[in-house]
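Peer 1: The sequence and its predicted three-dimensional model are supplied below.
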Amino acid sequence: MHVLCPTIAAAVLALPVVQAGSIQKSGLTVPAKYAAQRDVVKQIFTDSWSAYQQFAFGTMRSTYSSDLYQVARNHTINVDFSSSKTGGTVSVFETTIRYLGGLLSAYELTGKTDTVLLDKAKQLGDKLAFAWVGSNVLPYPALNFSSNSASASNTNIAEAGTLVLEWGRLSEYTGDTKYKTLAEKAMSAIASRTDTLLPGLAGQGVQPATGAFSNKYISWGGASDSYFEYLIKYARQTNNANQLWVKTWRTAVDSTLRSLAKVHTLDSPRYIRTTVGNWLMIADMDTSSRLRHVGSHLQCFHGGNFIMGGKLLDNDTIVQAGIRMTDACVNTYASTATGIGPEGFAWVSADGNEGPSAAQTAFNNIHGFYVTDGSYDLRPEVMESNFYAWRATGNVQYLDNAAAFLEAANARLRVSATGGYAVLNDVQNTASSQRDRTESFWFAETLKYLYLTFDDPSRYSLDNYVFNTEAHPLIAPTALATYNV
């Protein structure tokens with residue numbers, strides 16, 4: 001199989017249990033009948049990895065096999081991050097969340113004793129810093145490692161505003177504040193803008209040279225998603241050292257619940273007030289302030305993010321919204337022929353729709369949404385939010401959701417010829433073909449969140465760790481009593 005560039009998938013290493021904080025349900029345990037599911041995840045991981053490593057050598061830290069970790073670690077320390085053997089560019093965002101985040105997490109999880117991992121992280125950070133050109137407050141999205149030249153005229157808020165967890169932690173461990181300063185000024189430049197269509201909801205496109213919006217399209221989906229995710233996560237990681245992050249996140253959530261949160265309805269004027277499952281979905285808003293009733297797998301991280309932030313702010317309205325959003329995203333799995341959710345979907349609501357076909361309308365009237373892109377790219381977001389919902393509520397329905405996905409994954413994603421797991425072309429077709437690709441986030445995120453769902457909740461507690469957007473756990477400071485300001 002052809003695979004994308006791997007990352008250090010820092011996962012489940014036993015560490016001393018720390019006193020739980022305010023996100024997880026107190027005293028939470030996994031019922032005995034679910035214990036075997038953790039082994040199912042381990043088997044999928046090892047089978048996937050065996051096939052994956054034949055074609056792209058990735059690295060990880062996990063309980064699955066310390067031998068694999070050592071092989072991967074030895075490979076990593078011999079990578080020269082100061083140069084490139086090709087003339088192409090690399091994504092500053094992807095390299096940060098995958099490589100830099102993985103290196104820093106692995107450094108922490110090995111007790112901060114394997115200093116070569118920190119050295120490699122510093123080498124990489126020094127290279128990526130060339131993405132800030134002149135006095136620009138925002139980095140350019142792509143960097144040529146051979147020439148240190150940045151390219152691309154525009155970027156988006158996810159690429160420019162999803163750096164602070166990793167770059168802030170790099171400054172903490174190296175004692176060099178330049179990394180934190182660069183990343184914070186980028187996110188601050190976005191968060192401080194007031195020329196938005198809705199308060200707190202930054203437009204999707206931004207110009208690195210000026211910091212101005214190139215478009216004001218609002219979405220919690222791709223190209224915007226992890227910027228909003230990092231606002232509350234960085235507030236937690238820094239314990240509100242700068243109140244801008246939590247205030248901006250709370251304003252964004254308030255605007256979302258007031259203006260973008262919608263409930264599915266039947267596509268018929270006669271039944272326009274009749275909901276279908278009472279699923280709570282989040283619409284986009286285009287540059288003309290028109291609501292677009294569209295969703296995506298990428299967007300489905302938002303339920304977990306609302307649950308986390310609502311807990312930190314002692315705001316049960318936000319928590320309950322996050323739970324409903326998570327349930328709606330899980331419904332996109334439960335409603336398909338394969339039991340696996342689609343890449344893209346849309347729905348009908350009382351204030352409009354995206355012009356579904358007759359077949360899509362019929363599907364919407366039964367399931368509360370319809371499929372617009374039926375592929376499954378091994379993405380984690382639905383199981384990620386499902387993990388947060390389980391840890392926050394203790395409701396075993398979230399364990400059942402995860403178990404159902406594992407069963408579907410074994411039935412639909414496994415490649416019989418290699419034992420690996422690959423992208424599915426059509427979640428609505430039980431005989432669907434597959435694409436010859438395995439994403440590295442299948443290991444770093446999807447399988448990790450599934451493993452942690454069935455693992456002892458006192459390990460890798462959400463009160464003791466902040467997970468970056470590639471699911472690399474970073475140690476969190478002792479929590480404040482509340483993050484509400």
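Peer 2: Great, that's in hand.
Peer 1: can you list contacts of the helix or strand harbouring residue 411?
Peer 2: Residue 411 is part of helix 397-412, with elements assigned from DSSP states H and E. Residues from elsewhere that reach helix 397-412 (C-beta atoms under 8 Å, 6 or more residues apart in numbering): 30-31, 34, 37, 40-41, 44, 330, 333-334, 338-340, 382-383, 386-387, 389-390, 421, 424, 430, 432, 450, 453-454. C-beta here means a position set from N, CA and C on the backbone, and glycine is covered the same way.
Peer 1: Filter these down to the buried ones.
Peer 2: Buried subset of the contacts of helix 397-412 (neighbour count, 16 or more other C-beta atoms under 10 Å): 30, 37, 40-41, 44, 330, 333, 338-340, 382-383, 386-387, 389-390, 421, 424, 432, 450, 453-454.
Peer 1: Can you name the next helix or strand after the helix holding residue 411?
Peer 2: As assigned by DSSP H and E, the chain's next helix or strand after helix 397-412 is strand 437-438.
Peer 1: and that next one, which strands flank it?
Peer 2: strand 2-3 (parallel) (DSSP bridges).
Peer 1: For residue 349, report the pLDDT, please.
Peer 2: Listed pLDDT for residue 349 reads 87.
Peer 1: Leaving out chain neighbours, which residue sits closest to residue 114?
Peer 2: With sequence-adjacent residues excluded and distances taken as C-beta to C-beta, 6 or more residues apart in numbering, residue 114 is closest to residue 107, at 6.3 Å.
Peer 1: So which residues lie in contact with the longest strand along the chain, not counting its own?
Peer 2: Identified as the longest strand of the chain according to DSSP state E is strand 275-282. Residues outside strand 275-282 that contact it (C-beta under 8 Å, 6+ apart): 220, 256, 260-266, 293, 295, 299, 302, 321, 324-325, 327-328, 331, 347, 349, 364-369.
Peer 1: Out of these, list just those in helices.
Peer 2: Assigned to helices by DSSP state H, the following of those qualify: 302, 321, 324-325, 327-328, 331, 364-367.
Peer 1: close enough to count as contact, residue 466 and residue 477?
Peer 2: No: judged on C-beta atoms under 8 Å, residue 466 makes no contact with residue 477 at a distance of 9.6 Å.
Peer 1: Which residues are in contact with each of the two?
Peer 2: residue 237.
Peer 1: Compare these two and say which is more crowded by neighbours.
Peer 2: With neighbours defined as other C-beta atoms under 10 Å, residue 466 and residue 477 compare such that residue 466 has more, 22 against 11.
Peer 1: which residues does the more buried one contact?
Peer 2: So residue 466 contacts 165, 233, 236-237, 473-474, 476 (C-beta under 8 Å, 6+ apart).
Peer 1: cool, and residue 237?
Peer 2: Contacts of residue 237 by C-beta under 8 Å, 6+ apart are 165, 168-169, 466, 474, 476-477.
Peer 1: can you check residue 124 too?
Peer 2: Taking C-beta under 8 Å, 6+ apart as the test, what residue 124 contacts is 81, 95, 99-100, 103.
Peer 1: cool, residue 140 as well?
Peer 2: 92, 131-133, 150-152, 155, 208.
Peer 1: Put the buried members of those into a ChimeraX selection.
Peer 2: Filtering those down to the buried ones (16+ other C-beta under 10 Å) takes a single ChimeraX command:
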select :92,131,132,150,155,208
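Peer 1: In helices, which of the contacts of residue 140 fall?
Peer 2: Per DSSP H, the contacts of residue 140 map to helices at residue 92.
Peer 1: From the contacts of residue 140, which one has the minimum pLDDT?
Peer 2: residue 152 (78).
Peer 1: Surely that residue touches residue 142?
Peer 2: Yes: taking contacts as C-beta under 8 Å, residue 152 lies within contact range of residue 142: 4.9 Å.
Peer 1: which ones are touching residue 375?
Peer 2: With C-beta under 8 Å, 6+ apart, residue 375 has these contacts: 342-343, 423-427, 435.
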